[in-house]
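[1] Pasting the sequence and the predicted coordinates here, then a few questions.
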Amino acid sequence: MALNYKESKLVKDTIPALKDHGEHIATVFYKTMLRDHPELHNYFNDVNLQTGSQPRALTKLILAFASNISNISELVPKLERVAQKHSSLNIQPEHYDIVGKYLLRAFSAVLGPAMTPDTKLAWSKAYGVMARMLTGREAHLYREFEEWKGWRKFMIYNKKNETLEGNIVSFTLKPTDGKPLPSFMPGQYITLRLTVPGMKYAQLRQYSLSDAPSYDHYRITVKRDQGSNWDYAGQDDNMTVSSAATSASDSSLGSRHPGRPGIVSNSLIDEFHEGDTIELTHPAGAFQLNTNMDNSMPLVLISAGVCVAPLMAMLNTVVEKRINRPVSWIQASRHDAPFQAEVEKIAKRHPNMRTKFFKSRLSDSDVLSYTSSFDDDFLSLTPEDLYLNNGSTEYYLAGPESFLMQASSHLAKQGVKKERIQFEIFSVGSFAE
């Protein structure tokens, strides 16, 4: 049921106070909800709960929705990212009922007497509108998943280092039931579930699919999270993010590996081998390259570190489907660039493809100099590298927030319209919102 003018005003009038206490709301909301419903730990990344990034993201989402309650169309892209993430986690309508109950309880605690019965009813209706939009879209996605419901077991068929340091590893995964795998849109991700010794609840993480769709296997690429601060290579973590309410970091307080806080990434790299099994959900995600379009528009793929994974799936799909599009590949990395040899091999076979690699040390003429900022690196790119002379060029960016902000800012200064830029941010970040 839509809100009337009076109800919309009651909601909007309380938003400033709620934003001022957003941190408190996020903390109290999740703490009380998980105390009463500990089973929900199986749907959340505990690391993000401990750091507060998950609660903050969801609180910001509902406040943003309420702020735009009279013009919901502007929120559709954001809600699509959320619905895609929720479908990858198998979120069900009853979960929205639980979240709504504790969220409104936290709002009431902050607003005090300002949360009158009419205001509470208005907020309940506002949350209900958002919940119905999301559950409706998620129901449609679940129908598209067809027979694949929930978790499916996969065997690690191949495990391969993608860098000399061995800190980025690809896993080729085959379903144990032997049934054909559904296709997916290049750029999407899966959710992976692990049972880690010493952890009370299952650990869930999202990883981009890093190869073209195949009927018998998927590939993901994982970076070891050592818990250090973000650097030029990309991120310390490598879970794909497409929504405001999502997993963001593999780093963990209280890790069982001292000095190596990435519980899942370290477990995968150190303790899971060929022949072992893991569980995945159906591919999902709003970051997609539409390969069904028969066009010759240039394609520019820009990434940093392990965030290259979804773009690698895009590139391999373009090659396998023999889509005749000029491609420019621009990749930043602190040391070895994952997939660089594979990309260069593809470029040699395709004269309409060009490559540039940003690195911290020069190794050949195709490597640009490293700086503490990306600005100089982007400025060194030529109009030809970015296909600026073609008003139909499409740009796909994947990386940490600061990298994406500088890349998108540079493109905007070159006259590229934002509608032609798609991005995948690898954190729970405001840039994605």
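    That came in fine, so what should we check first? Numbering: from 1, shown residues only.

[2] for stretch 406-424, what is the average pLDDT?
    Stretch 406-424 shows a mean pLDDT of 92.

[3] wait, I meant stretch 160-171
    What stretch 160-171 shows for mean pLDDT is 93.

[4] Who's the closest spatial neighbour of Ser416, skipping the chain neighbours?
    Rather than Ser, residue 416 is Val. Tyr395 (6.6 Å; Cβ to Cβ, 6 or more residues apart in numbering). No exception for glycine: its C-beta is placed from N, CA and C like everyone else's.

[5] who touches the one you found in this structure?
    300, 302, 386, 411, 416, 420-422 (Cβ atoms under 8 Å, 6 or more residues apart in numbering).

[6] element containing it, please.
    strand 394-399 (DSSP states H and E).

[7] Toward the C-terminus, what is the element adjacent to that strand?
    According to DSSP H and E, the helix or strand after strand 394-399 is helix 401-413.

[8] still on that earlier bit, which one of the contacts of Tyr395 is nearest to Ile91?
    Gln422 (24.0 Å; Cβ to Cβ).

[9] Tell me if that closest one really is in a strand.
    Yes: judged by DSSP: H, G, I helix; E, B strand; the rest coil, Gln422 forms part of a strand.

[10] tell me the contacts of the closest residue to it other than its chain neighbours?
    In this structure, Gln422 finds its nearest non-sequential neighbour in Tyr396, 5.3 Å apart by Cβ to Cβ, 6+ apart. If you count contacts by Cβ under 8 Å, 6+ apart, Tyr396 has them with 187, 287, 289, 299-302, 311, 314, 422-424.

[11] separation between Tyr396 and Thr382?
    Computed as Cβ to Cβ, to the nearest Å, the Tyr396 to Thr382 distance reads 19 Å.

[12] just to revisit the earlier point, the contacts of Tyr395, buried ones only, as a ChimeraX selection?
    Buried residues among the contacts of Tyr395 (16 or more other Cβ atoms under 10 Å), as a ChimeraX selection:
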select :300,302,386,411,416,421,422
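
[13] Now tabulate the contacts of Tyr395 in TSV and tack on distance to Glu147.
    Formatted as TSV, the contacts of Tyr395 follow (distance: Cβ to Cβ, whole Å):
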residue	distance to Glu147
Val300	37
Ile302	36
Leu386	43
Leu411	41
Val416	41
Arg420	37
Ile421	36
Gln422	30
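
[14] Could I get the phi/psi values of Gln414?
    When read as degrees, to the nearest 10, the backbone of Gln414 gives phi -90, psi 0.

[15] Neighbours of the closest residue to it other than its chain neighbours, how many?
    Excluding its sequence neighbours, the residue lying closest to Gln414 (Cβ to Cβ, 6+ apart) is Leu388, at 5.5 Å. Using other Cβ atoms under 10 Å, Leu388 has 17 other residues around it.

[16] same thing with the one 5 residues further on?
    Neighbourhood size, Thr393 [other Cβ under 10 Å]: 20.

[17] And it, its phi and psi?
    Taking degrees, to the nearest 10 as the convention, Thr393 sits at phi -60, psi 140.

[18] Tell me where this protein is predicted with low confidence.
    In the predicted model of the chain, residues 1, 51-52, 227-261, 293-294, 360-375, 426-433 satisfy pLDDT under 70.

[19] in the chain, which spans are strands?
    152-161, 168-175, 189-194, 203-208, 218-223, 277-280, 299-304, 327-332, 353-358, 367-368, 394-399, 421-425 (DSSP state E).

[20] follow-up on the earlier one: show me the contacts for the residue nearest to Gln414.
    With Cβ under 8 Å, 6+ apart, Leu388 has these contacts: 414-416.

[21] Can you give me the neighbour number for Thr172?
    Thr172: 20 neighbours (other Cβ under 10 Å).

[22] do the one 4 residues further on as well
    When neighbours are counted by other Cβ under 10 Å, Thr176 registers 12.

[23] just use 100 as the starting number from now, easier for me
    Sure thing, new numbering starts at 100, so read that last one as Thr275.

[24] Can you name the residues that contact the spatially closest residue to it that is not a sequence neighbour?
    Leaving out its chain neighbours, the residue that sits closest to Thr275 by Cβ to Cβ, 6+ apart is Lys252, at 4.4 Å. By Cβ under 8 Å, 6+ apart, the contact set of Lys252 is 274-276, 376-378.

[25] how about stretch 499-519: buried residues?
    499-507, 509-510, 515.

[26] Next, report how far that stretch is displaced from the centre of its chain.
    How far stretch 499-519 lies from its chain's middle: 18 Å, per Cα atoms, centre = their mean, to the nearest Å.

[27] Please tell me how far the nearest residue to Leu148 once chain neighbours are set aside sits from Ala230.
    Once flanking residues are discounted, Leu148 sits nearest to Tyr129: 6.1 Å by Cβ to Cβ, 6+ apart. Counting by Cβ to Cβ, the separation of Tyr129 from Ala230 is 17 Å.
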